[in-house]
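>>> structure of the sequence below:
(2 chains)
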Amino acid sequence: MSSAADILVIGAGPHGLIAASYLAKAGLRVVVLEAEAAVGGSCANTVPVGDFAVPAGPQSLYALDPGVVKDLKLVRLGLKFAVRDMPLVGMRSEGKPLVLGRDAHAAARAIAASSPRDAERFAEFRRHFFALARALRAMWWEDGELGDAAHRDELRRLAVTGTAAFLDTAFESPAVKAAYAFDALASGLSPADSGSSVLLAWRAAQEMCGLQGAVAIPRGGMTAFVNVLASAAQAAGAEIRTDARVAHLLLSGQSVTGVALASGEEVTASCVLSSLSRRRTLLQLAPTAAAGFATSQQLSRMPQATEGKLVLALSAAPGFAAAQPTGRFIFAERLEGAIAAHAEARAGRLPSELMLEVVAPTLTDYSLTAGNTHLLSVLVRPLPISPAEGWPQLAPRLAEAVLSILDHHAPGLRASVLAANAITPNMPERDPLTVAHLLAGWRERIATPIDGLLLCGEAAEPVPAVSGRAARIAAGLALARSKGGAR
Amino acid sequence: MRYDACIIGAGAEGLAAAAMLAGRGLKIVVVERDARAGGRCATREFHPGFRASPFVDELAAIPADIFWSLDLARRGVLLAPASTSLALWPDRTSLSLPWANESPMAARAGSLRDAIRARVTADAARPPRRTLFAAREPHTPWPGEELAAGTLADLVDESQAGSADNDHRMASLLAGQTCDPFVAGSALHLLAGRPGGMPAGGLGRLGDALRAAAEDAGAEIRCGLEAADIRRKGGRAAGVGLADGSEVSARAVISTLDLKRTFLSLFSWSDLPRAVVDRLGAFRPAPGTARLLLALDAPPAPPAGSDAAVLRGPIHVAPDALGESYRAWRRGAVPEHPPMQLRLVSAVDPSLAPDGGACMTVTLGAIPHTPFDGAWTHEKRDRLRDGVFTTLDSVLPGMTKHVTAAELIVPPDMEHRLGATSGDLVGGEIAADQMLGFRPFADCAGTRTPVDGLYLAGGSSALGPLMTCASGVAAAGALMADFAAGKFR
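So this is what the prediction gives:
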């Protein structure tokens, strides 16, 4: 049994759906192949917590490309935001939380409580840091290199500087350093790794004024967002096939010719966009030799650490969120603790100091749960990839450790827990993040060694995010390719 | 009287620079704080009849061309490089040959070091053009830049398998230094100079030979004089003010002190360009080392199954807690099991101990300059020494019974005696943001500094951690190139 399409998109998550919408709008015959029974991928509500279900994947949108919203008419299709511009709230075991939002003066005042020197330097830090972020934005918007020599020098320096060194120079207060360090733990990097400070600059670039949404939560959660995208794709004419797991890619020489589904069916197409990770796309879906020896070697390396998630259903609003319900709360005491925790995770142990990012979507979006129940989504970093004792044994200990941190900051929280569910890491979905990846151009991140196979998912984003940027650019490249082929 | 150049510090770098410049007919003066020239090239009697080098046992190799042009062989410098490296664990012994010079990794490190030196030398020979609308020169990658993203553990693992073996190789590669081998950027330690061998008669002999080379070339070496500030005229260095109130006037100044000490002790804060102040604040010292000098009444017995020759090389004791020790140092804690390297120096050079006796040095890595709970006290020193003795007895049973005298040197002692900030003998941590093109300044890598007429040699300059004498010679080269271009008349 076989069928044909112009372009295939693997995965009906947000990235795949955005790419498919663009391609279908351009008049191509697009088929989205989704392994599960419903669209959404990691944004679908698949994880049960008590009476509710939440997604396993990202808890917020980072810097959603306003072009995507406009081009795909997402607002008309029902996209609304529950929260935008979420401030970073650094929680401390003593003293008031640090609210590091867009208001620099308020942030400086908050910092002054713990360190007047840091408060003084905060404005300068922000200027410097945002100048770097602005330099990176050239790489975000335009497809290519930075034009300006001063910025190139600055980025070259950043590309060898560890987050720890960067923050140690900027601040003296452990709370400020730790709050900023959390983002640098993404994708298994340690704050001590050279070049990890580029990650901070990327986050700043995404959070800067001008990038729509910055850190935002859609109304109805990530699931509602994906449903809007699915209707956009269908409205544009893309076909979404669920329960269509891709078994492997079909190649002729070094060019892709289609995919074979787990059911045995073959779908031919001259171009395939994958929203899976680079590792999974090239090592599991492509024939062994197709990626080439060097690439396979590089891809088979696991990151040194990973992250996990704990979702809680509470019978009362968490106490710590009262002052700033829209924040993303960072529970991290010390930068040194983050470095040590990373080393412990690398050695396969549950770190003695965990760093948490907590988002409480139900505080601002009443459509999510009924009545007084609140959901708390806790992102935990860093965690071991393959713990010595195994995840089934570790998960309860992880939940216990997270609860004791939260309960310390909001006494009584433990008693209000109705249900909890720990989501342990799914590693083949993640590629290790390298400095080269952080500073590569879009084309380099999207392309693969196989002709006609492009990445459009998180693997093509500079830093893990649901921004739609990678999908949009990948769709553009695929379109240019198919037009070139037609001529 | 006006000199052509005043060199601060009569260590290996300062003396080599002095010899090179004086040999070209320039009038050179070297000012040295200590009563004796040589800096860390020192050997002293720490117990009657027992001599050892207090700071390090051997320096990074001196490039062959410098070695010969300073005529060091004729001046009696005879180097004995180690041929084996031993690792001892309390429960097992592992013996392996160190990377002989022909191993692929050593060959790679060697050629990278040479390429970096060639780059620094070429930059030194070319005075920077400063025009009003100077277009930035395009960035040319430094040799070894690819190491900035790699980890030492991966680098070592590439060549060998087996974790105990890897631990030993890493310790041997680090030669007493400490880093977290799993952190990106640690691969740059590959560049750090391999020890060049112990000079017969101790490192002091090398110091004497370098001094003789400088003096024979016509340089003036004035010991017992501490530099207090760098005099500036018209925005450029014009001499050195001394602590006794006198002044040395010179057309240019070469400092062999580390970056922080050069700028913080010799300039007033407000005189410095903003970029320099920022850099000084961000520059991080390398983990400190402590040294234990031991006088033994009998040489220790080699571990069962090996012959006495294995004791001639470095001995690494249980080298498997590198990353942990490094993180402890970052927190300001004395690590529980600091990286430990033993040298039975009297086995290499019998003149260092009386007949029948033996002299051993213990180098401990990752020792904080100021522990988080306060400065070093007698109790803390005793605790560190007792910990070392316990470890020694676990790997060489009964060894400490033979100790007749022990002297412990901790980082503040090194700072006090050598003037090295934080007792850091490397001149700044070996990390991606302070090596190669970023050492010491991003736009002034190599030997020139943002202050006209002031050149930096020594550990904090680009070549500092890579080889001995090379940074002094490179600074001399930059100075001569600038003189030839008509600067600083």
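>>> any idea of the pLDDT on residue 99?
Since no chain was named, I'll use chain A. Note on A:Val99: pLDDT of 85.
>>> to clarify, I was referring to chain B.
Listed pLDDT for B:Trp99 reads 55.
>>> now A:Ser367
Reading off the model, A:Ser367 has pLDDT 71.
>>> run through the residues that contact the closest residue to it other than its chain neighbours.
In space, and not counting its chain neighbours, A:Ser367 is closest to A:Gly220: 5.5 Å by CB to CB, 6 or more residues apart in numbering or on different chains. Any C-beta I mention is one placed from the backbone N, CA and C, and that applies to glycine too. For A:Gly220, the contact set (CB atoms under 8 Å, 6 or more residues apart in numbering or on different chains) comprises A:Lys80, A:Ala82, A:Asn227, A:Asp365, A:Ser367, A:Leu368.
>>> report the buried members of these.
Among the contacts of A:Gly220, those buried by neighbour count (16 or more other CB atoms under 10 Å in any protein chain shown) are A:Ala82, A:Asn227, A:Asp365, A:Leu368.
>>> what's the first helix or strand after the lowest-mean-pLDDT helix or strand in chain B?
Least confident helix or strand, chain B: strand B:93-96 with a mean of 69, by mean pLDDT, DSSP states H and E. Per DSSP states H and E, the first helix or strand lying C-terminal to strand B:93-96 is helix B:104-124.
>>> which other residues reach that next one?
Counting by CB under 8 Å, 6+ apart, B:63, B:99-101, B:142-144, B:147, B:155-156, B:159, B:190-191, B:193-194, B:436, B:445-448, B:462-463, B:466-467, B:470-471, B:474-475, B:477-478, B:481 sit against helix B:104-124.
>>> the helix or strand just after that helix vs helix B:104-124, what angle?
As assigned by DSSP H and E, the chain's next helix or strand after helix B:104-124 is helix B:152-159. Between helix B:152-159 and helix B:104-124, the angle formed by their directions is 130 degrees, by axes from the mean of the first three to the mean of the last three CA atoms, to 10 degrees.
>>> CA atoms only for helix B:152-159 - export them in PDB, please.
The C-alpha trace of helix B:152-159 is given here as PDB (Å, rounded to 0.1, in the frame of the first residue of the first chain):
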ATOM      1  CA  LEU B 152      39.800  16.700  29.400                       C
ATOM      2  CA  ALA B 153      37.900  13.500  30.200                       C
ATOM      3  CA  ASP B 154      36.900  13.000  26.600                       C
ATOM      4  CA  LEU B 155      40.400  13.900  25.300                       C
ATOM      5  CA  VAL B 156      42.000  11.300  27.600                       C
ATOM      6  CA  ASP B 157      39.200   8.800  26.800                       C
ATOM      7  CA  GLU B 158      39.800   9.100  23.100                       C
ATOM      8  CA  SER B 159      43.200   7.500  23.400                       C
END
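>>> that one close to chain A?
No - legend: contact between helix B:152-159 and chain A by CB under 8 Å from any CB of the partner chain is lacking; minimum distance shown is 8.9 Å.
>>> now A:Ser227: which helix or strand?
Rather than Ser, residue A:227 is Asn. A:Asn227 belongs to helix A:221-236 when assigned by DSSP H and E.
>>> got the buried residues for that helix?
Using 16+ other CB under 10 Å as the test for burial, helix A:221-236 gives A:221-234, A:236.
>>> show me where the stretch 301-450 of chain B has helices.
Taking DSSP state H, counting those that start in this stretch as the criterion, the stretch 301-450 of chain B carries its helices at B:322-331, B:345-348, B:378-395, B:411-418.
>>> columns mean neighbour count, mean pLDDT and distance to B:Ala37 on top of the ones you listed, output as CSV?
CSV is the format used below for the helices of the stretch 301-450 of chain B (neighbours: other CB atoms under 10 Å in any protein chain shown; pLDDT from 0 to 100; distance: least, CB to CB, whole Å):
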stretch, mean neighbour count, mean pLDDT, distance to B:Ala37
helix B:322-331, 22, 92, 32
helix B:345-348, 23, 92, 22
helix B:378-395, 15, 94, 29
helix B:411-418, 19, 92, 13
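>>> want to throw these into TSV with distance to chain A?
Below are those laid out as TSV (distance: least, CB to the nearest CB, whole Å):
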stretch	distance to chain A
helix B:322-331	6
helix B:345-348	34
helix B:378-395	21
helix B:411-418	19
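>>> just put those in CSV and tack on distance to A:Val75.
Below are those laid out as CSV (distance: least, CB to CB, whole Å):
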stretch, distance to A:Val75
helix B:322-331, 49
helix B:345-348, 77
helix B:378-395, 66
helix B:411-418, 62
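>>> who are the contact partners of A:Phe293?
Going by CB under 8 Å, 6+ apart, the list of residues near A:Phe293 is empty.
>>> and B:Leu463, by the same measure?
So B:Leu463 contacts B:Ile116, B:Arg117, B:Val120, B:Gly446, B:Ala470, B:Ser471, B:Ala474 (CB under 8 Å, 6+ apart).
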